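# Below is the sequence, then the predicted model.
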Amino acid sequence: MVSVAGRSLRELIDRADERALAAAGLACLDRCLPLLAADAGEALRPVWAAVARGDGRAWGEAVAGARTALTPADGPGPGVVSDAGSGPGAVSGPDVGPGPASGLLSGPVSGVVSGTADAEAVRGMLAAAPGHWTADALRDWADGCSATALALHGRYDAGAVPEGLVERCRAGDAAGAGPLLAGELRRQQAVLEATAHGPTGLRRARELSVEGGRVLRAVVSRRARTA
């Protein structure tokens, strides 16, 4: 699957600037938050604000605040080791690669999950967010978040994700992808295309994050009811 501009997801990441990369990684994290906490979207609001301003200092402070807010009361879990890489929030599986500012939340978000592989993968995405606003650091983070988010969505499709499918999707071939994986791929591409036009594209990126989070939340809720 390629974007409307005819580029694969990996090509879009390679071409993106700092703001687009920060938005791309943050949007992946935002959409996956239902795996970590039932209602934690407010924890990332200051991070989105820092992206909109392109403010590296505010970015670092907001990310630190979000980490605090999304740490469970009993402390972070033991983490997850991937057999196939060590990117941000690496999850096990064949396809996965790793001072408060004004407006930051003052305490932890209630209901944060600890100890599950999916929750720790999401927390790992946030833990890996770079403190420095540089293209290289943000590109590495956005790339890792992309792979992790796709792998997590694939886990909630009806069928097992074949080995190599996530990377094939990122390279432009989405044949065999289930509806959740394909939907996440489309949203990742749309975020990068929207933010390529500058700060005006961030509204669309936020809309896609809210939409994707709602979809995943419904799937997680339905699976919990039928477990």
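All right, it came through fine.
# got the buried residues for the longest helix along the chain?
Longest helix in the chain, counting residues (DSSP state H): helix 202-226. Neighbour-count burial for helix 202-226 flags Leu202, Arg204, Ala205, Arg206, Leu208, Ser209, Gly212, Gly213, Val215, Leu216, Arg217, Val219 (criterion: 16 or more other C-beta atoms under 10 Å). C-betas here are computed from N, CA, C, even on glycine.
# and it, what does it pack onto?
helix 18-32, helix 45-53, helix 179-195 (3 or more C-beta pairs under 8 Å, 6 or more residues apart in numbering; DSSP states H and E).
# Leu26 reaches Pro46, doesn't it?
No. With contact defined as C-beta atoms under 8 Å, Leu26 and Pro46 do not form a contacting pair (11.1 Å).
# out of these two, which sits in the more crowded spot?
Neighbour totals were compared for Leu26 and Pro46, and Leu26 leads with 31 against 23 (other C-beta atoms under 10 Å).
# OK, contacts around the closest residue in space to that one that isn't next to it in sequence?
Nearest in space to Leu26, with sequence neighbours left out and distances taken as C-beta to C-beta, 6 or more residues apart in numbering, is Val47 at 5.8 Å. By C-beta atoms under 8 Å, 6 or more residues apart in numbering, Val47 lies in contact with Leu26, Trp59, Ala62, Val63, Ala66.
# Now tabulate these in JSON lines and tack on secondary structure.
Shown next, in JSON lines, are the contacts of Val47 (DSSP: H, G, I helix; E, B strand; the rest coil):
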{"residue": "Leu26", "secondary structure": "helix"}
{"residue": "Trp59", "secondary structure": "helix"}
{"residue": "Ala62", "secondary structure": "helix"}
{"residue": "Val63", "secondary structure": "helix"}
{"residue": "Ala66", "secondary structure": "helix"}
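# Highest neighbour count among these?
Leu26 (31 neighbours).
# hmm, back to that, so which of the helices and strands packed on helix 202-226 gets nearest Ala137?
Of all these, helix 18-32 sits nearest to Ala137, with 8.9 Å by C-beta to C-beta.
# thinking Arg158 is in contact with Gly178, fair?
Quick fix: residue 158 is Ala, not Arg. Yes. Using C-beta under 8 Å, Ala158 is in contact with Gly178, at 6.4 Å.
# So which of those two has more stuff around it?
Gly178 (17 against 7).
# wait, the more buried one sits on Arg155?
No. Contact between Gly178 and Arg155 fails when scored by C-beta under 8 Å: they sit 9.9 Å apart.
# shared neighbours of the two, which are they?
Contact criterion C-beta under 8 Å, 6+ apart; residues shared by Gly178 and Arg155: Val161.
# so where's the protein shaky on pLDDT?
1-5, 38-39, 41, 73-115, 227 (pLDDT under 70).
# what helix or strand is the closest residue in space to Leu192 that isn't next to it in sequence on?
In this structure, Leu192 finds its nearest non-sequential neighbour in Leu12, 4.1 Å apart by C-beta to C-beta, 6+ apart. Using DSSP states H and E, Leu12 sits within helix 9-15.
# Name the residues of that helix that come out as buried.
Leu9, Arg10, Glu11, Leu12, Ile13.
# The last one reaches Cys145, doesn't it?
No. In this structure Ile13 lies outside contact range of Cys145 using C-beta under 8 Å: 10.0 Å.
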